[in-house]
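# got a sequence here, can you build the structure:
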Amino acid sequence: MTTLREAAQQALEALIARGQRGDGAPDTVAALRAALAQEEQEPVAWYDGRIFYGSQAAASLNCADMAALMPLYTAPPRREWQGLTEDELGELMHDSCGYPMCPNGDDLAFARAIETALKERNHG
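Numbering: from 1, shown residues only. Have a look, this model is predicted:
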């Protein structure tokens with residue numbers, strides 16, 4: 001069985017290969033790299049619908065028994081920052097200032113700088 005992490009790695013490799021031919025998806029590649037860079041959270045216990053198993057008890061089970069258990073975590077995994085697309089930034093610029101973004105890209109660079117500052121502030 002392929003895990004979600006393995007599938008994401010395969011998708012990343014396929015997109016990078018496509019990108020070398022000029023038809024990759026840079027935003028998707030960046031998102032997959034960020035997701036794969038996150039540490040996987042370890043379960044603190046497991047549940048089979050009737051019984052809770054702690055880490056030590058679950059370690060004594062065989063692989064077939066473990067596959068039937070639902071992992072339990074202390075907190076939901078932390079979500080990665082979701083940036084805005086250029087179109088979304090353009091719409092916001094138009095809605096807030098009444099004019100579209102400048103064609104020279106200065107507005108886009110400024111908006112990305114704001115995103116970076118917010119990301120650092122919110123994620124440390």
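# which ones are touching the spatially most central residue of the chain?
Taking CA atoms, centre = their mean, the centroid of the chain lies closest to A35, which sits 3.9 Å from it. Taking CB atoms under 8 Å, 6 or more residues apart in numbering, we find A35 in contact with 8, 80. To be clear about C-beta, it is placed using only N, CA and C from the backbone, and glycine gets the same treatment.
# how deep is G54 tucked in, by neighbour count?
The tally of other residues near G54 (other CB atoms under 10 Å) stands at 10.
# how far away is the residue with the largest distance to the centre of the chain from F110?
For the chain, the largest distance from the centre (CA atoms, centre = their mean) belongs to G98, which lies 33.1 Å off. According to CB to CB, to the nearest Å, G98 stands 17 Å off from F110.
# now L72
If you go by CB to CB, the gap between L72 and F110 works out to 44 Å.
# buried ones in the strand or helix carrying the residue nearest to the centre of the chain, by neighbour count?
In this assignment (DSSP states H and E), A35 forms part of helix 26-37. Within helix 26-37, the residues that count as buried by 16 or more other CB atoms under 10 Å are 29, 31-32.
# what of stretch 79-87?
Quick answer for stretch 79-87 (16+ other CB under 10 Å): G83.
# first-to-last residue distance for that stretch?
23 Å (CA to CA, to the nearest Å).
# distance check, the residue farthest from the centre of the chain against L92.
G98 sits at a distance of 12 Å from L92 (criterion: CB to CB).
# over to R33?
In terms of CB to CB, R33 sits 26 Å off from L92.
# in the protein, what helix or strand scores lowest on average pLDDT?
Lowest by mean pLDDT, DSSP states H and E among the helices and strands of the chain is helix 63-67, with a mean of 66.
# strand partners (parallel or antiparallel) of the helix or strand just after that helix?
Next along the chain after helix 63-67, taking DSSP H and E as the criterion, comes strand 70-72. The strands that strand 70-72 pairs with in its sheet are strand 45-47 (antiparallel) (by DSSP bridges).
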